[in-house]
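K.L.:
what would the 3D arrangement of this be:
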Amino acid sequence: MSFTLAGWSQSPSKNWMLLDHTQDGVYGMSVEKAYGILKNRKPRKVVVAVIDSGVDTDHEDLKEVIWKNIDEIPGNGIDDDKNGYVDDMNGWNFIGGKDGKNVEHDTYEMTRLYVMYGKKFEGKDATKLKGAEKKEYEKYQKIKAELEQKRAEYESEKGSFEMLATELGKTINEIKRRYGMEEVTSENLQELKIDEKDSLVTSVNMLKLMFMFLGNNDKEVMKNLNEGLQHYAGALEYGLNPSFDPRPIVGDNYANSYETGYGNNDVKGPDPSHGTHVAGIIAGKRGNGIGLDGIADNVEIMVIRVVPDGDERDKDVANGIRYAVDNGANIINMSFGKAYAYDKAAVDAAVKYAEKKGVLLVHAAGNDSQDIDTTSNFPTKKYVKGGYAKNWLEIGAMGWEPAPGSVGSFSNYGRKNVDIFAPGVDIYSTMPGNEYAFENGTSMAAPSTSGVAAVLMSYFPDLTAAQVKNILMKTAAHYPGLMVSRPGTEDLTDFSTLSVSGGVVNLYNAVQEALKVSKSN
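P.N.:
Sure thing, here's the model as predicted:
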């Protein structure tokens, strides 16, 4: 993949997140450098629960690191270990039914709240509402307006993508026909000499522009256009559709946020792309000569599926956290988030349970280019009833490029609510079917952090979750005077102002501090 900044072009190394800034010139986490001072230490096995969309447990770079429930006999239909989940060999799927069916798409939480409040306030005289009910009604009106606006925006975007895909498709076919090309590339398109009076010139200029942003050849451009179209079409059909409700597939009592035992053991699910990429960042088998080297070398991935194509549900998140804690996870990676919460109290209770049991929670800060000190990205480390989780890390996305494009343009940030940044731009990792790909997102930055935390817990087994968090915060790599574009804008800001720590996760620094703090030396 090639990217352009300030007039120059460069491609990121596939392992840039593992590299060192001083030695390699990128904002990596000094992972390989850290292993140099760990080689004489004996590690223990650490379990990282990936609460996500599912994971391809058969992937060539992951199958050796997938957690196995040794107390469960596979396929006998019996809950051998009496943990409430039958045949949970590699984890659990909380968005599947006992008949084996799975939720693939779901609505956004905003849409679900719109439906819930709509039923409550239908036919009521708003002028007579008082107190808490009046506040709920005001929230309903806000959500209703936002949903209607979002649907209108997405209808417009869908139409634009449809028109663009159609017109560019025609242009590509005409260029191939007229000039005898089998493939239209950025290079051969630039070489075309077209008269300004030619009817094709406007379309070719538009195609050149698309090549700048969407790919280097016609297949890449059309693929990205169609993916954009599918995104908006899918959101209108599912996420923003008040009439769509897949929850009956699960068969639970959704009104009871504390119900357990529902779901099935299909931890792969219909589309495990996101979770597979996340898992590879943490634990892609190191040293096997294929794919990539993940961050942690003595780790097992426990797979917990709660994230559909749409917003995850609080009940499932809470149960996913509890399952992970009860079945031996040391770290829980949560690369998901949403703008609204349905039952944050239930999630808070699970977070407190994890805190009590000494399990570290790592959460992606979100991809809306927002300051989450002033906007919401649930779940959060702040409890509804006050106070903050001491076992929680909120992660923003760092990139490999020099200033001012060093921070992911999509990344949320916050001087109070984002703890630290980690690599999350152009991250190369595993994809279903023994494939690999570059992806962007705080969804990638969170597992970058989880992988580093897993190394610390593996080589320094006496460290608690709170100590690991404190070490990562204390040893963040700082870059004094690094002026970056504030995500979502062209305004320059000091990188140190975008998070609590003001820096980037750094394993080498963290190991040096752990050598001082740990009693296992």
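K.L.:
what's the spacing between Ile95 and Val347?
P.N.:
Noted for Ile95: a distance of 16 Å to Val347, by Cβ to Cβ, to the nearest Å. Any C-beta I mention is one placed from the backbone N, CA and C, and that applies to glycine too.
K.L.:
parallel or antiparallel, list what pairs with the one helix or strand Ala437 maps to.
P.N.:
Applying DSSP states H and E as the criterion places Ala437 in strand 435-439. Take DSSP bridges as the rule and strand 435-439 pairs in its sheet with strand 427-431 (antiparallel).
K.L.:
residues in contact with the partner strand?
P.N.:
Around strand 427-431, the neighbours that count as contacts under Cβ atoms under 8 Å, 6 or more residues apart in numbering are 14-15, 17, 56, 59, 61-62, 273, 276-281, 284, 291-292, 294, 436-440, 444, 448.
K.L.:
from Lys14, how far out is the closest residue to Phe211 other than its chain neighbours?
P.N.:
Excluding its sequence neighbours, the residue lying closest to Phe211 (Cβ to Cβ, 6 or more residues apart in numbering) is Ser186, at 4.3 Å. Distance of Ser186 to Lys14, computed by Cβ to Cβ: 22 Å.
K.L.:
give the next helix or strand downstream of the helix or strand hosting Gln230.
P.N.:
Gln230 is part of helix 218-234, with elements assigned from DSSP H and E. Sequence-wise, the next helix or strand downstream of helix 218-234 (DSSP H and E) is helix 273-283.
K.L.:
which helices and strands sit right next to the next helix or strand after that next one?
P.N.:
Tracing the chain past helix 273-283, the next element assigned as helix or strand by DSSP H and E is strand 299-305. Where contact means 3 or more Cβ pairs under 8 Å, 6 or more residues apart in numbering; DSSP states H and E, strand 299-305 is packed against strand 46-52, strand 91-93, helix 273-283, helix 314-326, helix 442-459.
K.L.:
is it possible to get a markdown table of those that adds mean neighbour count?
P.N.:
Converted to a markdown table, these look like this (neighbours: other Cβ atoms under 10 Å):
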| stretch | mean neighbour count |
| --- | --- |
| strand 46-52 | 27 |
| strand 91-93 | 29 |
| helix 273-283 | 29 |
| helix 314-326 | 25 |
| helix 442-459 | 30 |
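K.L.:
and of the ones you listed, who's closest to Gly118?
P.N.:
helix 314-326 (19.5 Å; Cβ to Cβ).
K.L.:
what are the pairing partners of the helix or strand following that closest one, and which direction each?
P.N.:
Following helix 314-326 in sequence order, the next helix or strand is strand 331-334 (DSSP H and E). Applying DSSP bridges to the sheet, strand 331-334 is found paired with strand 46-52 (parallel), strand 360-364 (parallel).
K.L.:
who touches Gly399 in this structure?
P.N.:
The contact partners of Gly399, taken as Cβ under 8 Å, 6+ apart, are 27, 405-408, 423-426.
K.L.:
got phi/psi on it?
P.N.:
phi -110, psi 180 (degrees, to the nearest 10).
K.L.:
for Asn205, give me the pLDDT.
P.N.:
On pLDDT, Asn205 comes in at 89.
K.L.:
please apply the same query to the one 3 residues further on.
P.N.:
Confidence at Lys208, expressed as pLDDT, is 90.
K.L.:
re earlier: may I see the strands paired with strand 331-334 organised as CSV, with distance to Arg112 added?
P.N.:
Shown next, in CSV, are those (distance: least, Cβ to Cβ, whole Å):
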stretch, distance to Arg112
strand 46-52, 19
strand 360-364, 21
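K.L.:
where does pLDDT dip in the chain?
P.N.:
Low-confidence segments of the chain, defined by pLDDT under 70, span residues 1-10.
K.L.:
most remote residue from the middle of it, which is it?
P.N.:
Here the centre of the chain is the reference, and by Cα atoms, centre = their mean the most remote residue is Lys197, at 47.8 Å.
K.L.:
quick one: the nearest residue in space to Thr185 that is not next to it in sequence and Leu225, what's the gap?
P.N.:
In this structure, Thr185 finds its nearest non-sequential neighbour in Asn217, 4.6 Å apart by Cβ to Cβ, 6+ apart. Asn217 sits at a distance of 13 Å from Leu225 (criterion: Cβ to Cβ).
K.L.:
who's more crowded, these two?
P.N.:
Leu225 (20 against 17; other Cβ atoms under 10 Å).
K.L.:
okay if I get the contacts of Gly399 as TSV plus secondary structure?
P.N.:
Conversion of these to TSV gives the following (DSSP: H, G, I helix; E, B strand; the rest coil):
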residue	secondary structure
Tyr27	coil
Gly405	coil
Ser406	coil
Val407	strand
Gly408	coil
Pro423	strand
Gly424	coil
Val425	coil
Asp426	coil
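K.L.:
got CSV for the residues you listed, with neighbour count and distance to Ser203 too?
P.N.:
Output for those, formatted as CSV (neighbours: other Cβ atoms under 10 Å; distance: Cβ to Cβ, whole Å):
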residue, neighbour count, distance to Ser203
Tyr27, 29, 40
Gly405, 16, 30
Ser406, 22, 36
Val407, 28, 36
Gly408, 27, 33
Pro423, 30, 38
Gly424, 32, 36
Val425, 27, 32
Asp426, 21, 30
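K.L.:
which one of those is nearest Thr202?
P.N.:
Using Cβ to Cβ, these come closest to Thr202 at Gly405, 30.6 Å.
K.L.:
go ahead and confirm that closest one touches Ser485.
P.N.:
Yes. With contacts counted by Cβ atoms under 8 Å, Gly405 reaches Ser485, the gap being 6.3 Å.
K.L.:
ok, now how distant is Glu174 from Glu220?
P.N.:
19 Å.
K.L.:
repeat for Gln467
P.N.:
From Gln467 over to Glu220 (counting by Cβ to Cβ), the distance is 46 Å.
K.L.:
out of the two, which sits in the more crowded spot?
P.N.:
Remark: of Gln467 and Glu220, Gln467 carries more neighbours, 19 against 16, as counted by other Cβ under 10 Å.
K.L.:
mind listing what the more buried one touches?
P.N.:
Gln467 touches Val517, counting by Cβ under 8 Å, 6+ apart.
K.L.:
could you rerun that using 6 Å?
P.N.:
By Cβ atoms under 6 Å, 6 or more residues apart in numbering, Gln467 lies in contact with nothing.
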